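**Student:** Provide a 3D model corresponding to the input given below.
(chains A and B, ligands or ions: 4)
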There are 2 protein chains.
Amino acid sequence: FDETHSNTQSLSVDAENLQKQIDELATFSDTPAPSVTRVLYTEKDVIARRYIKNIMGLAGLSVREDAVGNIFGRWEGYEPDLAPVASGSHIDAIPYSGKYDGVVGVLGAIEAINVLRRSGFKPKRSLEIIMFTSEEPTRFGISCLGSRLMAGSEMLLKALETTVDNQNISFIDAARSAGYAQEENDLRSVFLKKGSYAAFVELHIEQGPLLEEEGISVGIVTAIAAPASIKVDFKGGGGHAGAVLMPHRNDAGLAAAELALAVEKHVFDSGSIDTVGTVGILDLHPRAINSIPSKSHLEIDTRDIDEERRNKVIEKIHESAVSIAKKRGVRLAEFNIINQDPPALSDVSIIEAMKSASKELNLTHKLMISRAYHDSLFMARVSPMGMIFIPCFKGYSHRPEEFSLIEDISNGVKVLALTLAQLSLK
Amino acid sequence: FDETHSNTQSLSVDAENLQKQIDELATFSDTPAPSVTRVLYTEKDVIARRYIKNIMGLAGLSVREDAVGNIFGRWEGYEPDLAPVASGSHIDAIPYSGKYDGVVGVLGAIEAINVLRRSGFKPKRSLEIIMFTSEEPTRFGISCLGSRLMAGSEMLLKALETTVDNQNISFIDAARSAGYAQEENDLRSVFLKKGSYAAFVELHIEQGPLLEEEGISVGIVTAIAAPASIKVDFKGGGGHAGAVLMPHRNDAGLAAAELALAVEKHVFDSGSIDTVGTVGILDLHPRAINSIPSKSHLEIDTRDIDEERRNKVIEKIHESAVSIAKKRGVRLAEFNIINQDPPALSDVSIIEAMKSASKELNLTHKLMISRAYHDSLFMARVSPMGMIFIPCFKGYSHRPEEFSLIEDISNGVKVLALTLAQLSLK
Ligand SMILES: [Mn+2]
Ligand SMILES: [Mn+2]
Ligand SMILES: [Mn+2]
Ligand SMILES: [Mn+2]
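**Tutor:** Numbers count the residues shown, from 1 in each chain, chains lettered A, B, ... in the order given. Ligands and ions are numbered 1, 2, ... in the order given. Modelled structure (predicted):
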């Protein structure tokens, strides 16, 4: 692997087995196929975790878990005191989504280990595969829970003490029911020191249409757009849909509708194609056809590769929330910026390693921005970071139609294997 | 009672007993006091029906039930071949509501019979007290089920063959479990011929704040606003909240937000204070903060006392739904007008009878519109109709805080008794 020309021919992915694993993992779902729903610490999540640990074991990795269920599979290098090189992603899936998001970066990374073993490679730095806990915010409203905690977020540590899901089950109780967080106050043990890894590389489907449209095999990510999440509650007078005349209404539902449209407007007003904003959750209470909504709840996601521009959009959304509440006589009971993360840049030496791996493998590549966030966004705080994208059907993600060709996945696994090998030897 | 001046002094309501009955009936509930939840054909509903039939029997009424459980208690007049005069309301209660909505018009009407008996009155036309089945749409999504069927709705008759609740229990099976609908195909027997009653008068809490605010004892209803319900579904492309750039979106949630605001606009544009419109339900799918909504579902309630004006609003809402879908590149998958009932006007001679009864009793009264619908809306199709409103605390209804003073209830019972007496003698 010092002379990669001679070795790239020997990199063989067991595509059939990898596809079988992707399909099997997808059956651990709370909704019927082709959709996948796998939510943190549920029965299906626990079964899926067992499945991953088993595959890690079969790949000869030594497996351990931390207090929130981040899973680590390690292949010891011949210089085990050096900081290891890591790769990984997540396997949780939002309701009614697909089977490739995250999964490709976990099963694919384990297969990259198999590829390297079969080729006769011996790592100098240890290689570690990580399955991160709850990249998706489904259950507790916190995205990248596992990697964010690994990156040492004191705010998250604090929040986890009191966080509950919508069934009022606490994070701690949920974690315990899945066999984690058994000791009191040990969540801090999840924190990693800066420099714990020499490099972190994540393989992921693009979740956008560009690679497929342009017929390019590999996307090399140079930056991850910065996401922010906002929760908003309006409270109004409610009342009977027949009895309360229009001028006497303080309709919390219509306030929410106006704010949703204001989010779209402020995003367009930023003038940049890279600014996006979404209202994915809009709940009304009491949710009856003959009741005026007395409460509404929105969850807003906004992202940009330019942190300042994104923060300006958040300010505008806040101004709109205040003025809509005033105009409609409702109360802005909550405007809570849940997270407002900075964007992350890939490490130059990792970009170079990914580029050279693609070239060695005779694969076309393209430098690109990740508009979705990933655990890599947080791993970048403790380690140099890079990401490899592969094409996916029409850019679909977070829906049952999500799909990547096994040939594209296998190319990604090879680029990952070669990149990990190079970084391991540094 | 031909010379009412001499008889009104003898009208005495047993207020203590009436309050006791209201409180007792409230204990037949599936949720804890002070809330009341009593759903069609459940165990608590069956017990409550038994309670009502028992009180009817104690009032000397002869009791019968029809195939869906409308309950009739009859006091035979001395000219029993004349069409009777009827009064009544419902006792079913939506989840977590109160103990006066409907109940006052059933127990109060039976007490009005007691009042007349004690005063020595003899009816010429028979008097009938009716407890209607399922005024509330809770279980089967059909409001005023009993009275709507009595009014001869062929559409409802048809629908009941296949209607199921959210546990997939059919209407027929549920009715049978409560002891009704025993014979095949006998639901048609519930239909009443036009003219079956000489008059129908319903006593009800106002469910609005006006009587209490203005310190007026009795509301005399001149018209019941016409409700219509619409279900709307939009379908869009969905996708990842980070990855799909704004120009490529077909956001079904924003289409719903726009339509909700369009409903409000079209209602205001009608130019009449009597037009109302409400979006009480707005659901997004997949309902995740980082997913663009791929589906949205709205339920819209719109009412007016002018049917044509209300139907024009519905047309405008439909036009907006079509143009919003077109503009946003989403599909208007459903625009379903679930019901579109005509409004009802009270009968002039019944209004006069209620007015003169109020005056005889030295009670202040006010002509008003019922903006909530009632069984009277459907009874108006088979009989001249009138309604008596009494004040209720802050206009609260459909919530545990619903409350009316027993003095106000007693006044309503007296006005009802005197009105029934007058109409019986015609
Ligand atoms: Mn995802
Ligand atoms: Mn992912
Ligand atoms: Mn009601
Ligand atoms: Mn009612």
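
**Student:** which stretches of chain A form helices?
**Tutor:** All helices of chain A, identified by DSSP state H, fall at A:4-7, A:15-26, A:43-58, A:103-118, A:145-150, A:154-162, A:171-177, A:210-214, A:252-269, A:307-328, A:348-360, A:375-379, A:406-424.

**Student:** which of those helices sits most buried?
**Tutor:** Neighbour counts (mean count of other Cβ atoms under 10 Å in any protein chain shown) averaged over each of the helices of chain A peak at helix A:375-379, with a mean of 30. In this view, the C-beta of every residue, glycine as well, is placed from N, C-alpha and C.

**Student:** What does the pLDDT read for A:His204?
**Tutor:** Looking at A:His204, its pLDDT reads 98.

**Student:** Please report the distance of it from A:Asp14.
**Tutor:** Relative to A:Asp14, A:His204 is positioned 20 Å away (Cβ to Cβ, to the nearest Å).

**Student:** Looking at those two, which one has more neighbours?
**Tutor:** A:His204 (28 against 15; other Cβ atoms under 10 Å in any protein chain shown).

**Student:** For B:Leu245, see how far away the nearest residue to A:Lys394 once chain neighbours are set aside is.
**Tutor:** Counting by Cβ to Cβ, 6 or more residues apart in numbering or on different chains, A:Lys394 lies nearest to A:Pro209, which is 5.8 Å off, once chain neighbours are set aside. Noted for A:Pro209: a distance of 10 Å to B:Leu245, by Cβ to Cβ.

**Student:** Same question for A:Val164.
**Tutor:** Distance, A:Val164 to B:Leu245, by Cβ to Cβ: 35 Å.

**Student:** Same question for A:Ile406.
**Tutor:** Computed as Cβ to Cβ, the A:Ile406 to B:Leu245 distance reads 28 Å.

**Student:** do A:Arg118 as well
**Tutor:** Distance from A:Arg118 to B:Leu245, by Cβ to Cβ: 40 Å.

**Student:** just A:Asn114 next, same as before
**Tutor:** According to Cβ to Cβ, A:Asn114 stands 37 Å off from B:Leu245.

**Student:** Quick check: residues of the stretch 1-150 of chain A near ligand 2?
**Tutor:** Applying Cβ under 5 Å from the ion, we find that the stretch 1-150 of chain A lies next to ligand 2 at A:101-102.

**Student:** Run through the stretch 1-150 of chain A and note the low-pLDDT ranges.
**Tutor:** Applying pLDDT under 70 to the stretch 1-150 of chain A flags the ranges A:1-7.

**Student:** distance from the centroid: which residue in chain A tops it?
**Tutor:** A:Ala243 (46.6 Å; Cα atoms, centre = their mean).

**Student:** Enumerate every residue touching it.
**Tutor:** B:207-208, B:371-372, B:395, B:397 (Cβ atoms under 8 Å, 6 or more residues apart in numbering or on different chains).

**Student:** Go through those residues and name the one nearest A:Ala181.
**Tutor:** B:Ser397 (46.4 Å; Cβ to Cβ).

**Student:** Dihedrals phi and psi, the closest one?
**Tutor:** Main-chain torsions, B:Ser397, degrees, to the nearest 10: phi -150, psi 160.

**Student:** same check, this time on the one 5 residues further on
**Tutor:** When quoted as degrees, to the nearest 10, the phi and psi of B:Glu402 stand at phi -50, psi 130.

**Student:** Quick check: nearest residue in space to it, chain neighbours excluded?
**Tutor:** Spatial nearest neighbour of B:Glu402, chain neighbours left out: B:Gly98 (2.6 Å); criterion: Cβ to Cβ, 6+ apart.

**Student:** Would you mind confirming that the one you found is in contact with B:Phe393?
**Tutor:** No: counting by Cβ atoms under 8 Å, B:Gly98 sits too far from B:Phe393 to count as a contact (9.6 Å).

**Student:** Mutual contacts of the two, please.
**Tutor:** Overlap of the contact sets of B:Gly98 and B:Phe393 (by Cβ under 8 Å, 6+ apart) consists of B:401-403.

**Student:** quick one: which of the residues you listed is most hemmed in?
**Tutor:** B:Glu402 (24 neighbours).

**Student:** got the contact list for it?
**Tutor:** If you count contacts by Cβ under 8 Å, 6+ apart, B:Glu402 has them with B:97-101, B:205, B:392-393, B:396.

**Student:** quick one: which of those residues is most hemmed in?
**Tutor:** In these, the most neighbours by other Cβ under 10 Å go to B:Ile205, 31 neighbours.

**Student:** Please save the CA atoms from stretch A:193-203 in CSV.
**Tutor:** Taking only C-alpha atoms (Å, rounded to 0.1, in the frame of the first residue of the first chain), the coordinates of stretch A:193-203 have been written out as CSV:
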residue,chain,number,x,y,z
LYS,A,193,-10.4,14.1,23.6
LYS,A,194,-9.4,16.2,20.6
GLY,A,195,-6.9,14.0,18.7
SER,A,196,-8.4,10.7,19.8
TYR,A,197,-8.4,9.8,16.1
ALA,A,198,-5.8,10.6,13.5
ALA,A,199,-8.6,10.8,10.9
PHE,A,200,-12.3,10.1,10.4
VAL,A,201,-13.8,9.3,7.0
GLU,A,202,-17.5,8.7,6.5
LEU,A,203,-19.0,7.0,3.4
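
**Student:** Buried residues, that stretch. List them.
**Tutor:** In terms of neighbour count (16 or more other Cβ atoms under 10 Å in any protein chain shown), stretch A:193-203 has its buried residues at A:196-203.

**Student:** Pick out the most distant pair among those residues.
**Tutor:** So, the buried residues of stretch A:193-203 by Cβ to Cβ: farthest apart are A:Ser196 and A:Leu203, at 20.1 Å.

**Student:** didn't A:Val221 look like it was pressed against A:Lys366?
**Tutor:** No: using Cβ under 8 Å, A:Val221 makes no contact with A:Lys366, being 10.1 Å away.

**Student:** wait, doesn't A:Tyr373 sit right on A:Ala228?
**Tutor:** No: in this structure, A:Tyr373 is not within contact of A:Ala228 by Cβ under 8 Å, at 10.1 Å.

**Student:** Touching both of these two, which residues are there?
**Tutor:** Shared contacts of A:Tyr373 and A:Ala228, defined by Cβ under 8 Å, 6+ apart, are found at A:303, A:341.

**Student:** Compare neighbour counts for those two and give me the winner.
**Tutor:** Comparing A:Tyr373 with A:Ala228 by other Cβ under 10 Å, the one with more neighbours is A:Tyr373, at 24 against 21.

**Student:** and the gap between that one and ligand 2?
**Tutor:** Distance of A:Tyr373 to ligand 2, computed by Cβ to the ion, to the nearest Å: 9 Å.

**Student:** what's across from the nearest residue to that residue once chain neighbours are set aside in the sheet?
**Tutor:** Take A:Tyr373 and drop its neighbours on the chain: the residue closest to it by Cβ to Cβ, 6+ apart is A:Pro227, 4.6 Å away. Counting by DSSP bridges, A:Pro227 is bridged to A:Arg303.

**Student:** Roughly how far does the residue in the stretch 251-400 of chain A positioned nearest to ligand 4 sit from B:Lys327?
**Tutor:** Nearest residue of the stretch 251-400 of chain A to ligand 4: A:Asn290, at 11.2 Å (Cβ to the ion). Noted for A:Asn290: a distance of 30 Å to B:Lys327, by Cβ to Cβ.
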